[in-house]
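>>> Coordinates for the following, if possible.
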Amino acid sequence: MRHPLLALATLLLSCSTAWGQPQGGAYRFSPVNQFDINLTAAYWNPIIQYVTEKSGVKLALKIGRTSADTTAYVLTQEVEFVFSNHLFSPERDQLGWKVFGRRQMPALQGQIVVPANSPITELSQLKGTEVAFPGPEAFVGYKVPYAHLLNQGLDVKVVFGGNQNGALAQLLAGKVQAVGGNSQLIESYAKRENKKFRVLWSSEPFQDLALMVSGKVPEKDAQAVAQAFLNMHKDPKGRDILHQTSQKVGLPADAYFIPTSAADYDAYRKFYQTAPPSLR
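Coordinates of the predicted model:
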């Protein structure tokens with residue numbers, strides 16, 4: 001029988017190799033943890049393998065246990081490509097990240113939801129209750145709905161689930177009374193798990209997360225990776241991968257990547273102009 005400590009060390013090493021450490025000098029790609037870590041890897045690994053093959057530029061997935069952990073990698077410059085909406089605050093806007101794409105998806109909304117059969121029908125009923133959110137870095141899923149609660153004078157006890165799945169699981173287990181979240185992820189969770197939620201509040205729209213590249217990546221490599229992402233749906237193999245990965249997480253089959261620019265994220269920047277100081 002293997003020693004428990006040896007088994008644990010082997011597990012940690014395998015997780016680091018699969019999810020954290022770039023292999024052979026690859027550029028590191030960090031998408032925000034929109035799902036649990038296994039589902040996040042299942043969605044992104046086939047996509048970045050395809051992009052690596054088409055671009056000739058090697059990418060390796062690097063994700064933390066939570067969305068906050070993954071964003072910490074970005075802020076400490078441990079990665080070169082991201083899929084994120086955590087970089088549009090005034091301070092982070094100065095870090096040199098360049099937007100080049102996003103998914104062809106409807107705009108996102110911050111939402112506050114309860115189970116469809118919950119006795120809670122109005123936001124005012126949440127005062128003093130426990131409300132779960134994905135994590136402290138989640139822009140649409142935490143900062144936007146929590147800012148609304150604060151602006152309405154509704155003090156709630158914040159609980160972080162680590163990602164949207166974790167927050168919704170706590171809601172369905174009866175551990176919290178409501179969830180703040182991202183409309184796209186709440187909808188995909190409901191579809192995957194055959195659950196129904198009542199929406200108590202929805203925010204203004206925000207663009208889906210951005211594909212971004214560090215200013216430190218040579219232009220030749222940045223362009224090659226960008227073109228591989230943006231042309232993926234035009235290639236039968238790439239389109240098939242997008243269909244399969246989207247199905248795994250409950251996204252529409254046509255959730256492919258399209259060109260976009262920094263200007264498309266002005267709504268994010270506008271939020272920070274009036275956000276409560278604790279959320280800036």
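>>> Report the contact partners of Ala253.
Leu242, His243, Ser246, Gln247 (C-beta atoms under 8 Å, 6 or more residues apart in numbering). All C-beta atoms are positioned from the backbone trio N, CA, C, and that covers glycine.
>>> how about the nearest residue to the first one, chain neighbours excluded?
I take that to be Leu242. Closest residue in space to Leu242, ignoring its immediate chain neighbours: Tyr256 at 5.3 Å, by C-beta to C-beta, 6 or more residues apart in numbering.
>>> What is the burial count for the one you found?
Using other C-beta atoms under 10 Å, Tyr256 has 21 neighbouring residues.
>>> Hmm, it is touching Asn231, no?
No. Applying C-beta atoms under 8 Å, one finds Tyr256 not in contact with Asn231, separated by 9.5 Å.
>>> which ones are touching Asp36?
With C-beta under 8 Å, 6+ apart, Asp36 has these contacts: Gly162, Asn163, Asn165, Gly166.
>>> Okay, now the unreliable bits of the protein?
1-24 (pLDDT under 70).
>>> Kindly recompute the last result at 50.
1-23 (pLDDT under 50).
>>> on that earlier part again, among the contacts of Asp36, which lie within helices?
Asn165, Gly166 (DSSP state H).
>>> Next, Arg102: secondary structure please.
Secondary structure, DSSP: H, G, I helix; E, B strand; the rest coil: Arg102 is strand.
>>> That one pairs with what?
Ala210, Ile258 (DSSP bridges).
>>> State the distance from it to Thr260.
Taking C-beta to C-beta, to the nearest Å as the measure, Arg102 and Thr260 are separated by 5 Å.
>>> So if I had to pick from these two, which one is more boxed in?
Arg102 (22 against 19).
>>> Spell out which residues sit in contact with the more buried one, please.
Gln207, Asp208, Leu209, Ala210, Leu211, Phe257, Ile258, Thr260, Asp264.
>>> Can you spell out the domain ranges of the chain, please?
Using automatic domain parsing, the domains assigned to the chain come out as 4-106+208-279, 108-206.
>>> Ranking these by mean neighbour count, which comes first?
Per residue and on average, the most neighbours among the domains of the chain fall to domain 108-206, with a mean of 19 (mean count of other C-beta atoms under 10 Å).
>>> That domain: how far from the chain's middle?
15 Å (C-alpha atoms, centre = their mean, to the nearest Å).
>>> And for stretch 208-225?
On C-alpha atoms, centre = their mean, the centre of stretch 208-225 falls 18 Å from that of its chain.
>>> do the same with stretch 267-280
19 Å.
>>> quick one: contacts of that stretch?
Contacts for stretch 267-280 (C-beta under 8 Å, 6+ apart): 85, 88-90, 93, 139, 143-144, 146-147, 150-151, 204-207.
>>> still on that earlier bit, spit out the residues that contact Arg102 and Thr260 alike.
Gln207, Ala210.
>>> Please settle this for me: is Val82 part of a strand?
Yes. Val82: assigned to a strand according to three-state DSSP.
>>> Distance-wise, check it relative to Leu75.
Distance from Val82 to Leu75, by C-beta to C-beta: 11 Å.
>>> Ok, Gln109 next?
In terms of C-beta to C-beta, Gln109 sits 26 Å off from Leu75.
>>> ok, back up a step: so which of the contacts of stretch 267-280 sit within helices?
Going by DSSP H, the helices hold Val144, Tyr146, Ala147, Leu150, Asn151 from these.
>>> so who does the second one touch?
This means Tyr146. Applying C-beta under 8 Å, 6+ apart to Tyr146 gives the contacts Phe133, Val158, Gly180, Leu279.
>>> quick one: which of the residues you listed is nearest to Tyr43?
Phe133 (21.3 Å; C-beta to C-beta).
>>> Name the single longest strand found in the protein.
Assignment by DSSP state E gives strand 197-206 as the longest strand of the chain.
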